[in-house]
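Student: Give me a 3D structure for the following:
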Amino acid sequence: MNARMRVLSLVLVGFFALVSIGRAQVSALEGDVKGPDGQPLKGALVKIDRKDIKGHYQVKTDKKGHYFYGGLPLGTYKVSVELDGKDADSVDNVKTQLGDPTEISFNLKQQADRNAALQKAAETGTLSKEQERELSPEQKAALEKRAKEQSAAMAKNKALNDAFNAGKEASASKNWQGAVDAFEKAAQVDPSQNVIWANLADSYINLAGTKTGADQQAAMEKGLDAYKKAIELKPDDPGFHNNYGLALARDKKFPEAQVELSKAAQIDPPNAGKYYFNLGALLVNSGHNEEAVEAFKKAIDANPNYAPAQYQYGVSLVSKATTTADGKVVPPPGTIEAFQKYLELEPNGPNAEQAKAMLTTLTGSVATTYENPNAPKKKKKN
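Tutor: Numbering: from 1, shown residues only. Model prediction:
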């Protein structure tokens, strides 16, 4: 062999040696992925990120939930599986090897169960030593933060419940100043609770009834402001509008009161008659008979079968009756019909005798029996 051939032979031997060495440095990863239901997860994205130098690879699982990635340089990797666009689980510091593939599998159901157990243990403060060791520094910090937040929330809830319950107890005993103080405290603890503001408003309005002059007006204004706050937080509550309207009527703000009662009726049509009846009763008690007539008329327009409203409408109209020169009482239109309707609806009701007496006075006679139009009809015998 001449010198030229010997040199070429050495070069080729060196080349094949380099190829052999290069092939020897190639490694592989494979494994199985099971989903949150414990079944093989098809099409899951497995991401392989090299740790020692920059390098990113990825592969999807087959229909059996299996993946394989060959041709990886020997190195240290982070292997993660992605679900719904987020990393569901990962294994860090995976060192690949020559020869057989390194196996890294994922069971997302086990991971979810494990995370749930850790979460429950952390919430109850019963983490085992093994569970503590499994937590990363970030997880430990997050759990400590959550524990502090839960402790603060529990303290807040206790203060809130104590104040609210104290307010209810004071209200039950008609200690309105005590109720105001307690509900004010509860509102400071949590100003987002509409029920607290509604109870505070009721307490202030009742407190105003025990005061006179400037003190009375100051309590009334605070009560109205509290109702506004309750309605701001829950504008669809008909009870809030009803009570706010009644409070406005007490403060002689009758147009505003009618607006609120109308809102209550619009929100809760089946009970519209009761809302207007409440307004009429308050107006009567405060000596505003003209406004009361209108309120009771709205009540029976909303619900003609609301017996108390029919009776009170008749009574309010009687106050507007006139007397002729010969002493005959002439009631306004609708008076007699209101009493008659009441007796039809409640022939034995609490105001039945008064209604009959009114009809006797107004007409000189009264029917002795009335039939309830809502009563079941009796079947005719053949």
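
Student: can we go C-alpha only for contacts and neighbour counts from here?
Tutor: Will do.

Student: Looks to me like residue 274 is in a strand.
Tutor: No: counting by DSSP: H, G, I helix; E, B strand; the rest coil, residue 274 falls outside a strand, being helix.

Student: For this protein, just list every one of the strands.
Tutor: Counting by DSSP state E, residue ranges of the strands within the chain are 26-34, 45-50, 56-60, 66-73, 76-83, 86-95, 102-103, 106-107, 322-323, 329-330.

Student: mean confidence score for the third one?
Tutor: In other words, strand 56-60. Along strand 56-60, the predicted confidence averages to a pLDDT of 94.

Student: swap in the last one?
Tutor: With pLDDT averaged residue by residue, strand 329-330 scores 82.

Student: In terms of secondary structure, what does that strand contact?
Tutor: strand 322-323, helix 352-363 (3 or more CA pairs under 8 Å, 6 or more residues apart in numbering; DSSP states H and E).

Student: And those: which comes nearest residue 163?
Tutor: helix 352-363 (45.8 Å; CA to CA).

Student: Not counting its own residues, what contacts the closest one?
Tutor: Judged by CA atoms under 8 Å, 6 or more residues apart in numbering, the contacts made with helix 352-363 from elsewhere in the structure are 311, 329, 330, 331, 336, 339, 340, 342, 343, 346, 365, 366.

Student: Kindly report the same for stretch 91-99.
Tutor: Counting by CA under 8 Å, 6+ apart, 24-29, 51, 74-80, 102, 104 sit against stretch 91-99.

Student: And that stretch, what's buried?
Tutor: By neighbour count, and taking 16 or more other CA atoms under 10 Å as the criterion, the buried residues in stretch 91-99 are 94, 96, 97.

Student: Over to stretch 178-194?
Tutor: By neighbour count, and taking 16+ other CA under 10 Å as the criterion, the buried residues in stretch 178-194 are 178, 179, 180, 181, 182, 183, 184, 185, 186, 187, 189, 194.

Student: Convert the C-alpha atoms of it to PDB, please.
Tutor: Listed in PDB are the C-alpha atoms of stretch 178-194, where the atom choice follows Å, rounded to 0.1, in the frame of the first residue of the first chain:
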ATOM      1  CA  GLY A 178     -78.200  49.200  70.800                       C
ATOM      2  CA  ALA A 179     -79.400  47.800  67.400                       C
ATOM      3  CA  VAL A 180     -78.000  50.800  65.600                       C
ATOM      4  CA  ASP A 181     -74.600  50.500  67.300                       C
ATOM      5  CA  ALA A 182     -74.400  46.800  66.600                       C
ATOM      6  CA  PHE A 183     -75.400  47.000  62.900                       C
ATOM      7  CA  GLU A 184     -73.100  50.000  62.400                       C
ATOM      8  CA  LYS A 185     -70.200  47.800  63.600                       C
ATOM      9  CA  ALA A 186     -71.300  45.000  61.300                       C
ATOM     10  CA  ALA A 187     -71.400  47.400  58.400                       C
ATOM     11  CA  GLN A 188     -67.900  48.500  59.100                       C
ATOM     12  CA  VAL A 189     -66.700  44.900  59.200                       C
ATOM     13  CA  ASP A 190     -68.300  44.100  55.800                       C
ATOM     14  CA  PRO A 191     -70.000  47.000  54.000                       C
ATOM     15  CA  SER A 192     -71.000  44.700  51.100                       C
ATOM     16  CA  GLN A 193     -73.800  42.900  52.900                       C
ATOM     17  CA  ASN A 194     -77.200  44.400  51.900                       C
END
